[in-house]
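In: Dropping the sequence and predicted coords here.
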Amino acid sequence: MDAPQPTTRSGGVVATLALAGITAAIMQTLVTPLIAELPQILHTTSSNAAWVITVTLLVAAVCVPVVGRLGDLVGKRRMLLVCAAPLIAGSVVSALSSSVVTMIIGRGLQGMGMGMVPLGIALLRDVVPTERLSSSIALVSASMGIGGGLGLPIAAAVAQYADWRVLFWGAAGLAAAVAVLIFFLVPDVPAAAKGQRFDLPGALGLGVALVCLLLAVSKGADWGWGSATTLGLFAVTVVVLAGWGRWELRTGDPLIDLRTTARPRVLLTNVASVFVGFGMYASMLVLPQLLQFPKATGYGLGQSMLAAGLWMAPGGLMMMIVSPFGGKLTNARGPKFTLVSGALVIAAGYGLSMALLGSAWGLMIVSIVTSGGVGLAYGSMPALIMSSVPIAETAAANGFNTLMRSLGTSIGAAVIGVILAQLTTTLGGHTFASEAGFRTALLIGGGLALVSAAVAAVIPAARTTPAAGSAADPAAAKEGASV
């Protein structure tokens, strides 16, 4: 089928791809309201139940770059439909689960569908008119944050007033609806890298390295950071990544073209993505805990899970509102300017938190400001990436950038977890993270947002070349004098 020309149908395509990203994000936050109840629900220990969350992270990390490359090779629409299948199947398996093993299998299947976001962003380059591309990229890219912000209160409400299985049946229905919309509304664009081979050794090598790294990061606090298991996993990560990098540089059709990734514009964008991911997750981890901690602590606000989710929901809405403005800012000043601005807004939100921790409305304001910054930053990164890579590598490059964001959130969760575990207070025989611990975590989040802004500020200006072949280049070309 010939590549479609941009038409007025592109609005439906953008809405569908944004909904796909929101759906994928909801899958990640789906079990958050159930964390305390999972051991009882699944008749297992708290340690085993934690794998219900960890497995989604691990599978997503492995599948996102692989799915991105397959999108370049066999077609992005086809891979979007492929991603929808495990989202549906995983939700059904989870809904029917009565043991921790089947729940882990279901959550792992859900993780396989997380490649929808980079695939959707890459597809926009093929089907959306140039003048609408920046705003469309911003909306779809921010959909992960939007889904996370809106998914928590929805999941909390369902968990509080209905059977927990309803969460997963609802997720299955939502994923099925997305699949139908993709089938009927998203055009089938010819694969940009048709004829190239899939790099199976590269996929296996990257998968092993990522699993070892994320296991060490996510479980290091439980196993002990100096334990043989944790250190061994870090060592395996280094060895496998070195071998993987050597293979990728030598093979003719690499999973990820490291020479392209090493270009300063792409490399610095990915580095900034790690810090933005950390900065985003600091607020997502700290603010709900402050809202729910007992008032007797002197700094907790005693809110229920549902109330805390509702206080946080305006942050998700703010991302949705900010996204089109971020696209306009990118068109006017370039994606580099938007990324720097977003990182600075995140830092400003953390600065405000130092004065607003004492009330629920204050934390809502902090969430709104930081989420607005995340919306700007997340929307600009794909534009920076796509203006710097060949069209045959668009989906793979966006998948790798999504992976960098995920690594940032994973590292952020581990670091903040250590801080909150070390800075504690005792009340009524129970140990809680102290106010000093929360303030330290927020300050670190703000500091890393400033680091992200500094990294983004030195991203070199775009060069419009035939190799880039990017529809995003016109916006990117404006940034030379912007920052």
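Out: Perfect, I can see it now. Residues are numbered from 1 along each chain as shown.

In: Which other helices and strands does the helix or strand containing Ala122 contact?
Out: Ala122 belongs to helix 116-127 when elements are defined using DSSP states H and E. If you count contacts as 3 or more Cβ pairs under 8 Å, 6 or more residues apart in numbering; DSSP states H and E, helix 116-127 packs onto helix 10-29, helix 51-74, helix 76-95, helix 130-161, helix 360-386, helix 394-422. For glycine as for every other residue, the C-beta is placed from the backbone atoms N, C-alpha and C.

In: Show me what the longest one packs onto, helices and strands only.
Out: In terms of contacts (3+ Cβ pairs under 8 Å, 6+ apart), helix 130-161 is packed against helix 10-29, helix 116-127, helix 165-185, helix 264-292, helix 305-333, helix 360-386, helix 473-476.

In: Out of those, flag the one nearest Gly429.
Out: helix 264-292 (18.8 Å; Cβ to Cβ).

In: and the closest one, which residues are buried?
Out: Residues 265-266, 268-292 are the ones in helix 264-292 that count as buried (16 or more other Cβ atoms under 10 Å).

In: ok, the residue nearest to Ala383 when sequence neighbours are not counted to Gly300 distance?
Out: Counting by Cβ to Cβ, 6 or more residues apart in numbering, Pro335 is the residue found nearest to Ala383 once chain neighbours are left out, at 3.9 Å. Counting by Cβ to Cβ, to the nearest Å, the separation of Pro335 from Gly300 is 40 Å.

In: ok now stretch 55-70, how far from the chain's centre?
Out: 12 Å (Cα atoms, centre = their mean, to the nearest Å).

In: what comes into contact with that stretch?
Out: For stretch 55-70, contacts defined as Cβ atoms under 8 Å, 6 or more residues apart in numbering pick out 27-28, 79, 82-83, 104, 107-112, 114-115, 118-119, 122, 198-199, 203, 206-207, 210-211, 214-215, 218, 255-256, 395-400, 402-403, 406-407, 410.

In: Buried ones only from those residues, please, as a ChimeraX command.
Out: Buried residues within the contacts of stretch 55-70, by 16+ other Cβ under 10 Å, are selected in ChimeraX with:
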select :27,28,79,82,83,104,107,108,109,110,111,112,114,115,118,119,122,199,203,206,207,210,211,214,215,218,255,256,395,396,397,398,399,400,402,403,406,407,410
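
In: I'd like the helices and strands packed on helix 130-161 written out as TSV, with mean pLDDT added.
Out: Shown next, in TSV, are those (pLDDT from 0 to 100):
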stretch	mean pLDDT
helix 10-29	85
helix 116-127	87
helix 165-185	94
helix 264-292	89
helix 305-333	87
helix 360-386	92
helix 473-476	49
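
In: give me every residue that touches Phe275.
Out: 343, 408, 448-449, 451-452, 455.

In: at 6 Å what do you get?
Out: By Cβ atoms under 6 Å, 6 or more residues apart in numbering, the contact set of Phe275 is 448, 451-452.

In: Setting the sequence-adjacent residues aside, check what's closest to it.
Out: Distances taken as Cβ to Cβ, 6+ apart put Ser452 closest to Phe275, at 3.6 Å, once the chain neighbours are dropped.

In: quick one, phi psi at the residue in the chain sticking out farthest from the centre?
Out: Taking Cα atoms, centre = their mean, the residue of the chain most remote from its mean C-alpha position is Gly428, at 37.7 Å. Dihedral pair for Gly428: phi 60, psi 40, per degrees, to the nearest 10.
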